[in-house]
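model this:
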Amino acid sequence: MLVWSGKLASEIKSYPIDWTVNLAGETIASSAWSIVGEDVTQEASPALVIEASPAPSFTTTQATVWLGAGTAGITYVLQNTVTTSGGRTLTQQAELPVVANLSSDDLTTVAAALNWIGQPADTDGSVARIISQMSAQVQGELGYKVKQQSYTRTFDGQGLRKLFVPDLPLISVQSLSINGVTVPQGSMAGGSQQAGFYNNASSIALIGYCFEPGFQNIQITYTAGRATVPADLERAVLDWIKIVAAGKALIGFGVNATSIRAGDTGIEFGGKGDSTDQKLIPIPTQIYSVLRRYIRVVPISGF
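The predicted structure is shown next:
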């Protein structure tokens, strides 16, 4: 049976069947599609939809259907029935897995992961789940989310003139207030910097103001993150997925292991116990070596 690449539940996507070999020199005279698979028997909701616009279509050798909706985790079976110019009736079925929508914070795509590990489809949604899990763990190690987005955060004032934000790189600051008083964006006039806030890729500095001492008395709205995931960072996530797919990330060790260290991989043991279990090393050494370039380093203080 033909297996199509997975479809997100939220997208409308086209799927073709090439009939060239089966036609044996004839052409397609008509084409009809039906869903004969699991959504009918399991009454999954929402059901997969054969779209009316764009409508199913065919050429002399290929039939195409547009599919929408569907329930994540369900693999549907589609059937295409064509009649040929010679009066024959041909049928062919295809499986279509519907997968969960990826988080906007994920560092790669299902398509890229499937291509990297040489797997034709994410039939059970496991690849999508691994991507989300690994993306979350990687960004937890980095100390910030990689993709660009807007943040509104509150901070404690320390009486300093500089504040380091937790999200990197800092692109721009939309607003800043201290104890409810709006601080303007700084500007140049007469060759000198005027009172207000200024920022670089990691911090905000004040001229003519200070981050007055207080509890959660500073509110800042800013944009931070990268417009695209760095290629080496995405590659690291893909390599990790490949390791997991190959079963190489699992090792046996005592159940009395108390901690696992990435980087220079190490395991610490404590208490009693000598049996073994299969556990996943959080981040393989070769992956961690890439992450180190992007880990946020917390400064000791501002000024």
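
Help me confirm that Phe197 is found in a strand?
Yes: residue assignment for Phe197, taken from DSSP: H, G, I helix; E, B strand; the rest coil, places it within a strand.

Can you tell me the number of residues neighbouring it?
Other residues lying near Phe197 total 21 when counted by other CB atoms under 10 Å. Placement of C-beta: from N, CA and C, glycine included.

how much space between it and Pro184?
Distance check for Phe197 against Pro184: by CB to CB, to the nearest Å, it reads 7 Å.

got it, and Gln194?
As defined by CB to CB, Gln194 lies at a distance of 8 Å from Pro184.

cool, and Arg293?
Look at Arg293 and Pro184: by CB to CB, they are 35 Å apart.

got it, and Thr71?
Applying CB to CB to Thr71 and Pro184 gives a distance of 51 Å.

What of Gly70?
As for Gly70, its distance to Pro184 is 51 Å (criterion: CB to CB).

Ok, Phe155 next?
Taken as CB to CB, the spacing of Phe155 relative to Pro184 amounts to 18 Å.

ok, these two, which is more surrounded?
Residue environment comparison for Phe155 versus Pro184 gives the larger neighbour count to Phe155, 19 against 13, counting by other CB under 10 Å.

I am assuming that one contacts Ile218, so please confirm or correct that.
Yes: counting by CB atoms under 8 Å, a contact exists between Phe155 and Ile218, whose distance comes to 4.4 Å.

joint contacts of those two?
Here Phe155 and Ile218 have Leu163, Phe211 as joint contacts, going by CB atoms under 8 Å, 6 or more residues apart in numbering.

can you confirm Ser53 is in a strand?
No: note on Ser53: no strand contains this position according to three-state DSSP, which reports coil.

Could you pull up phi and psi at it?
The main-chain torsion angles of Ser53 are listed as degrees, to the nearest 10 and equal phi -150, psi 110.

confidence score at Thr27?
Among the per-residue scores, Thr27 holds a pLDDT of 97.

Run through the neighbouring helices and strands of the longest helix belonging to the chain.
When every helix of the chain is counted residue by residue (DSSP state H), the longest turns out to be helix 126-142. Applying 3 or more CB pairs under 8 Å, 6 or more residues apart in numbering; DSSP states H and E, we find helix 126-142 packed against helix 110-117, helix 231-245, helix 285-291.

For the helix or strand following it, give the mean pLDDT please.
Helices and strands here follow DSSP states H and E; after helix 126-142, the next one along the chain is strand 149-157. Across strand 149-157, the average pLDDT comes to 96.

right, and the helix or strand after strand 149-157?
Sequence order places strand 162-164 as the next helix or strand after strand 149-157, per DSSP H and E.

Mean confidence (pLDDT) on that following strand, please.
Confidence over strand 162-164 (mean pLDDT, whole number) is 95.

Just list whatever residues bridge to Ile178.
With DSSP bridges as the criterion, the beta-bridge partners of Ile178 are Val181, Ile218.

Please apply the same query to Asn80.
According to DSSP bridges, beta-bridge pairing links Asn80 with Trp33, Gln92.

go on, Gly196?
Counting by DSSP bridges, Gly196 forms beta bridges with Ile207.

That one touches Ile207, doesn't it?
Yes: if you go by CB under 8 Å, Gly196 and Ile207 touch, sitting 6.4 Å apart.

so what's in contact with these two at the same time?
Residues touching both Gly196 and Ile207 (CB under 8 Å, 6+ apart) are Gly186.

neighbouring contacts of stretch 208-221?
Residues from elsewhere that reach stretch 208-221, judged by CB under 8 Å, 6+ apart: 150-163, 165, 173-179, 183, 194-197, 204, 302.
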